[in-house]
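**Student:** sequence first, predicted coordinates after that:
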Amino acid sequence: MDWSQHAIPPMRLEPRFGDRVVPAFVDRPASLWAMIADAVAQNGGGEALVCGDIRISWHEVARRAAKVAAGFAKLGLNPGDRVAILLGNRIEFVLTMFAAAHAGLVTVLLSTRQQKPEIAYVLNDCGARALVHEATLAERIPDAADIPGLAHRIAVSDDAASQFAVLLDHPPAPAPAAVSEEDTAMILYTSGTTGRPKGAMLAHCNIIHSSMVFASTLKLTQADRSIAAVPLAHVTGAVANITTMVRCAGTLIIMPEFKAAEYLKVAARERVSYTVMVPAMYNLCLLQPDFDSYDLSSWRIGGFGGAPMPVATIERLDAKIPGLKLANCYGATETTSPSTLMPGELTAAHIDSVGLPCPGAEIIVMGPDGRELPRGEIGELWIRSASVIKGYWNNPKATAENFTDGFWHSGDLGSVDAENFVRVFDRQKDMINRGGLKIYSAEVESVLAGHPAVIESAIIAKPCPVLGERVHAVIVTRAEVDADALRAWCAERLSDYKVPETMTLTTTPLPRNANGKVVKRQLRETLAAGQAPA
């Protein structure tokens, strides 16, 4: 099965980054700023950004971005220089990103959760010359002696003292900087679960391709309205939300932070039609006691990724919002967001799949010996497409280790069936090997999600001197329940060796990184420190 039944723009094979040949859209913008200019031409008077009481048209967004670009030039920043962004979800984030595109600068996205040592590492590694930051986070910015290359610090606040206003106090820059579509537009640092984080270089062509994939497969138009409820500083926020709305010239509603009760109010008031969130966010919305009081009939596409969507959540959403089509979106920073998408009409029949390879994407399954495996067998997913980045900033060793002939080695264990549906079972490092029997955490977590007392769970390995590893579950509950009842629930639905032998029951939410993914490393460390299991 493929995307032939969808109106996907024509593609052709083209060279990319020197030694790759990949399918690329024939008719495409030449740069991120060119895509913004297209949105202005298509829907200049339409709403581009909404944040609280602030509403800005596409024409005004482009004008303000050009003014900030002129401000950057006044500071002496030149095309190719790096500008780091340490901002929460706010309009200035988008304006800075667009201004950098106009000026030919490279944006480096920082998480507001990062602490001083992490920020110092990124700023030094990428050689940032300017930092646009939340005024309230000034104490987290390293001392000048620790980041000697940083020439400018620009604070953003909601009052008259905001230094960002100085950047806006310029006539718009007359013309955008000339860039190649293979030039780096954005650097996003990976989570760094082992060693230092790596700076993924997203080129203009990567961002444009991914944005066009989202817009065409999901049939997005200028009438669509999206909520940015995930952090804008990560690939889902930057590409699935910001630049995808640029491509279709729709409206982006910015939420400073996700709170389920507020999300429902905003979604109903703004007639939101498109979202991309992690499954836990959907579940938190469903848990709101007044969920049924909101008119969410305009909500037609619910993209999700970062974790499997529990079957129980899918069923509840289908019952409450019949017009909502859920679309699994599997990808990573290195693939500029989507590698697979599930057509909404096929989700119910393929709940265990993350979808079909995106238009132009090639996904193969590799065995430990470096050879491709047959359809249906489980191995590491390797991904090649026009969305796959050229490599890691200032790190040729990591680039060589993680890319082969344009394929990115995902580190995810999965399979591709005869109909081309992709399944993801676990990260290689998270798979549990119990005496030679392989257990994929996603399967057990999905079963636990169906229990009425469970909000969410994480399956991790517990070291065992006899079997090597045993199954341990960390379960967040909403009601009184004991471990034996949960084990009995699993035993009715799973092979005996997959049933968690020990459990940690808690009412505290699971630890997550800024992109919404559960930090299982932290859970393993807590278990190793001696927390008593049930």
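**Tutor:** Okay, I see it.
**Student:** give the residue farthest from the middle of this structure.
**Tutor:** Val466 (38.8 Å; C-alpha atoms, centre = their mean).
**Student:** quick check: Val239 is in a strand.
**Tutor:** No - according to DSSP: H, G, I helix; E, B strand; the rest coil, Val239 belongs to no strand; its state is helix.
**Student:** hmm, it is touching Ile207, no?
**Tutor:** Yes - with contact defined as C-beta atoms under 8 Å, Val239 counts as touching Ile207 (6.1 Å). C-betas here are computed from N, CA, C, even on glycine.
**Student:** in the sheet, which strands lie alongside the helix or strand bottoming out on mean pLDDT in the chain, parallel or antiparallel?
**Tutor:** Every helix and strand of the chain was ranked by mean pLDDT, DSSP states H and E. The lowest is strand 437-439, at a mean of 81. Strands that pair with strand 437-439, judged by DSSP bridges, come out as strand 432-434 (antiparallel).
**Student:** pLDDT on the strand it pairs with, on average?
**Tutor:** Strand 432-434 comes out with an average pLDDT of 85.
**Student:** then stretch 525-534?
**Tutor:** 72.
**Student:** same question, stretch 318-332
**Tutor:** Here the average pLDDT along stretch 318-332 is 93.
**Student:** which residues in the stretch 401-534 of the chain form strands?
**Tutor:** Counting by DSSP state E, counting those that start in this stretch, one finds strands in the stretch 401-534 of the chain at the ranges 403-404, 407-416, 422-427, 432-434, 437-439, 454-464, 468-477, 502-506.
**Student:** can I get those strands in JSON lines with distance to Gln5 and mean neighbour count?
**Tutor:** Formatted as JSON lines, the strands of the stretch 401-534 of the chain follow (distance: least, C-beta to C-beta, whole Å; neighbours: other C-beta atoms under 10 Å):
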{"stretch": "strand 403-404", "distance to Gln5": "32", "mean neighbour count": "17"}
{"stretch": "strand 407-416", "distance to Gln5": "19", "mean neighbour count": "20"}
{"stretch": "strand 422-427", "distance to Gln5": "18", "mean neighbour count": "21"}
{"stretch": "strand 432-434", "distance to Gln5": "39", "mean neighbour count": "18"}
{"stretch": "strand 437-439", "distance to Gln5": "35", "mean neighbour count": "17"}
{"stretch": "strand 454-464", "distance to Gln5": "35", "mean neighbour count": "21"}
{"stretch": "strand 468-477", "distance to Gln5": "40", "mean neighbour count": "20"}
{"stretch": "strand 502-506", "distance to Gln5": "45", "mean neighbour count": "18"}
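**Student:** which stretch in those strands has the least confidence?
**Tutor:** strand 437-439 has the lowest average pLDDT among those, namely a mean of 81.
**Student:** count the neighbours of Ala261 for me.
**Tutor:** Using other C-beta atoms under 10 Å, Ala261 has 12 other residues around it.
**Student:** likewise for the one 5 residues further on?
**Tutor:** Counted by other C-beta under 10 Å, the residues lying close to Val266 total 18.
**Student:** can you pull the domain assignment for the chain?
**Tutor:** 29-422, 430-528 (automatic domain parsing).
**Student:** and those domains, which is most packed in?
**Tutor:** Among the domains of the chain, domain 29-422 has the highest mean neighbour count (mean count of other C-beta atoms under 10 Å), at a mean of 20.
**Student:** circling back: shared neighbours, Val239 and Ile207?
**Tutor:** Thr336 (C-beta atoms under 8 Å, 6 or more residues apart in numbering).
**Student:** what does the residue nearest the centre of the chain show for phi and psi?
**Tutor:** The centre of the chain sits closest to Thr236, judged by C-alpha atoms, centre = their mean, with a distance of 2.8 Å. Phi and psi for Thr236, reported as degrees, to the nearest 10, are phi -70, psi -50.
**Student:** from Ser353, how far out is it?
**Tutor:** With distances taken as C-beta to C-beta, to the nearest Å, Thr236 is found 20 Å from Ser353.
**Student:** list the contacts of Met186.
**Tutor:** Applying C-beta under 8 Å, 6+ apart, the residues near Met186 are Met97, Val106, Thr107, Val108, Leu109, Met201, Leu202, Ile207, Ala238.
**Student:** which ones among those residues are found in helices?
**Tutor:** Among these, the ones falling in helices (DSSP state H) are Met97, Ile207.
**Student:** which two among the contacts of Met186 are spaced furthest apart?
**Tutor:** Met97 and Met201 (15.6 Å; C-beta to C-beta).
**Student:** can you give me the strands in the stretch 201-350 of the chain?
**Tutor:** 225-228, 251-254, 274-277, 301-304, 325-332, 337-341.
**Student:** could those strands be laid out in CSV, adding distance to Trp3?
**Tutor:** Output for the strands of the stretch 201-350 of the chain, formatted as CSV (distance: least, C-beta to C-beta, whole Å):
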stretch, distance to Trp3
strand 225-228, 21
strand 251-254, 25
strand 274-277, 18
strand 301-304, 16
strand 325-332, 13
strand 337-341, 9
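**Student:** closest one to Val213 among the ones you listed?
**Tutor:** strand 337-341 (5.7 Å).
**Student:** what lines up beside that closest one in the sheet?
**Tutor:** strand 325-332 (antiparallel), strand 356-357 (antiparallel).
**Student:** is it possible to export those strands to CSV including distance to Asn43?
**Tutor:** Formatted as CSV, these follow (distance: least, C-beta to C-beta, whole Å):
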stretch, distance to Asn43
strand 325-332, 24
strand 356-357, 30
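**Student:** out of these, nearest to Ala84?
**Tutor:** Nearest of the strands paired with strand 337-341 (C-beta to C-beta): strand 325-332, 21.4 Å.
**Student:** show me what that closest one is in contact with.
**Tutor:** Contacts for strand 325-332 (C-beta under 8 Å, 6+ apart): 218, 235, 240, 276, 300-305, 309, 314, 317-318, 337-345, 347, 353-355, 387, 408, 410, 422, 424.
**Student:** got the angle for it vs strand 407-416?
**Tutor:** Interaxial angle of strand 325-332 relative to strand 407-416 (axes from the mean of the first three to the mean of the last three C-alpha atoms, to 10 degrees): 140 degrees.
**Student:** with just CA atoms, put strand 325-332 into CSV.
**Tutor:** Extracted C-alpha coordinates of strand 325-332, given in CSV (Å, rounded to 0.1, in the frame of the first residue of the first chain):
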residue,chain,number,x,y,z
LYS,A,325,-9.2,11.1,12.3
LEU,A,326,-6.1,10.0,14.3
ALA,A,327,-2.9,9.9,12.3
ASN,A,328,0.2,8.2,13.8
CYS,A,329,3.3,10.2,12.9
TYR,A,330,6.6,8.5,13.4
GLY,A,331,9.8,10.3,13.0
ALA,A,332,12.8,12.0,14.8
